[in-house]
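Student: Pasting the sequence and the predicted coordinates here, then a few questions.
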Amino acid sequence: MRLRTLNKRIPTKVNGVFYKEIIDENKKVVDKVFLIRYRDNNKDKLVTIGKYSQGIRINYCKSKRDEILNEIRLGEVPTTIKAKRVEKDTITFDMITKNYFNYAKLHNKSHEAGLRQYNNNLKPTLGDMDIKAIKLEDIEKIQHEKIKYLSPQTVNTIVQMVKTIYNYNTPRKTNNFF
């Protein structure tokens, strides 16, 4: 069964609460999606709350909207927006590594070997981690694991790669190019 959400927002009796109808192939209404609208920094914001089939009702939407408006009035960031910002603000080690290897492509002849070494040794453990969450203990753990089957020089090269990637991605304090 193929479902489709209609674009038209249908207002309810409650101020700022709307719903959109979900129809099936036969254009029969099978569900509703509830939305709330509020104003923040002179911009209208529209947030999807959930489906009728999931137990979302108009009273719940009204209380969610009131909660958001109270948080805005008190100068706080609404909790629904906080969750979305956390996802956007997360910078993973893999992201900064891509920046580094894009730069290394132009300036380093052996960047492919470094990329292979990263993919084999660091990406499985550090790749998806937030860079703010990586601690010295994580690096030491990698060292202890890798020393079991790699030479000490190779392990040092892996640790140096972590340092180089971090150093490349930290902002420069001076504008000197030399």
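Tutor: Nice, thanks for sending it over.

Student: Touching stretch 99-109 from outside, list them.
Tutor: 111, 114-115, 118, 164-165, 168-169 (Cβ atoms under 8 Å, 6 or more residues apart in numbering). The way it works is simple: take the backbone N, C-alpha and C, and place the C-beta from them, glycine included.

Student: How far off centre is that stretch?
Tutor: 25 Å (Cα atoms, centre = their mean, to the nearest Å).

Student: can you check stretch 106-122 too?
Tutor: Worked out by Cα atoms, centre = their mean, stretch 106-122 lies 26 Å from the chain centre.

Student: wait, is E25 part of a helix?
Tutor: No - according to DSSP: H, G, I helix; E, B strand; the rest coil, E25 belongs to no helix; its state is coil.

Student: Let's verify the closest residue to it other than its chain neighbours: helix, strand, or coil?
Tutor: Leaving aside its sequence neighbours, E25 sits nearest to R2 (Cβ to Cβ, 6 or more residues apart in numbering; 5.4 Å). Three-state assignment for R2 (three-state DSSP): coil.

Student: Return the per-residue confidence for R2.
Tutor: What the model reports for R2 is a pLDDT of 82.

Student: pull the longest strand from the chain.
Tutor: Criterion DSSP state E: the longest strand present in the chain is strand 29-40.

Student: Let's test this: mean pLDDT of it, rounded?
Tutor: 90.

Student: For V47, list the residues it contacts.
Tutor: Per Cβ under 8 Å, 6+ apart, neighbours of V47: 35-38, 68, 80.
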